[in-house]
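1. Fold the following, please.
(2 chains)
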Amino acid sequence: SQQGEEDPQALSIQEGENATMNCSYKTSINNLQWYRQNSGRGLVHLILIRSNEREKHSGRLRVTLDTSKKSSSLLITASRAADTASYFCATDAGYSTLTFGKGTMLLVSP
Amino acid sequence: DAGVIQSPRHEVTEMGQEVTLRCKPISGHDYLFWYRQTMMRGLELLIYFNNNVPIDDSGMPEDRFSAKMPNASFSTLKIQPSEPRDSAVYFCASSLNQGQPQHFGDGTRLSIL
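-> Numbering: from 1, shown residues only, chains lettered A, B, ... in the order given. Take a look at the predicted model:
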């Protein structure tokens, strides 16, 4: 079963707007990671947030983690057409593997 | 540094044929993962290795699937005989340690006719 579930499944915005994607999971985790996948390519790691962290920033990315609600959000500020991709959350529950959600497809129109 | 390298990028073959997918992980990474991605099922973990040893192959769908890692720089995923429902994109990924970010190859798009 999927540990992480992203919401929404698809998101369409204009360049310059902010994009927010959410991820919910079911069990305790060591860390949560976000990945991006461009069409026809492999997943690329974006950011990792540990279970004892609440917020993390990397460039235009901001990730929050609420372990009490078992949820995380990824905010992309001032989006660009090049941000068009699928975004996945993945949880590390301490089993040496990551469990990926089904992703959010983001379309950023010029 | 070179990333994870997979070959071939595309494979089209007829049902019943043997298919071999190849992966070269990032040097120094102790973990190697094989995934399958489809629209219906998303990204599924098939098997993973730690220091060349298979640790968990519970995701391998059937005995038709097998994977090997003869050394730290090479792994194969073999399907024999192949079936149309095996059509998917197969990814290899490697990581330095457990729970750490995984580095993915660009995948092999497999079509079984």
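2. And for the residue in chain B that chain A sits nearest to, the neighbour number?
-> Minimum separation of chain B from chain A (Cβ to the nearest Cβ) falls at B:F104, amounting to 3.3 Å. Any C-beta I mention is one placed from the backbone N, CA and C, and that applies to glycine too. Burial of B:F104 is recorded as 22 neighbouring residues (other Cβ atoms under 10 Å in any protein chain shown).
3. Same question for B:P61.
-> Other residues close to B:P61 by other Cβ under 10 Å number 12.
4. Tell me which helix or strand it sits in.
-> According to DSSP states H and E, B:P61 maps onto no helix or strand at all.
5. circling back to that earlier point, wouldn't the residue of chain B closest to chain A be in contact with B:F91 here?
-> Yes: look at B:F104 against B:F91 with Cβ atoms under 8 Å: they come within range, at 5.4 Å.
6. shared neighbours, the two?
-> Residues touching both B:F104 and B:F91 (Cβ atoms under 8 Å, 6 or more residues apart in numbering or on different chains) are A:G42, A:L43.
7. residues in chain B within reach of chain A, list them.
-> Applying Cβ under 8 Å from any Cβ of the partner chain, one finds that chain B approaches chain A through B:4, B:31, B:33, B:42-43, B:45, B:48, B:50, B:55-56, B:91, B:93, B:98-99, B:101-107.
8. Whichever of those residues end up buried, select them in PyMOL.
-> Selection of buried members from the residues of chain B next to chain A for PyMOL, criterion 16 or more other Cβ atoms under 10 Å in any protein chain shown:
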select buried, chain B and resi 4+31+33+43+45+48+56+91+93+98+99+101+102+103+104+105+106+107
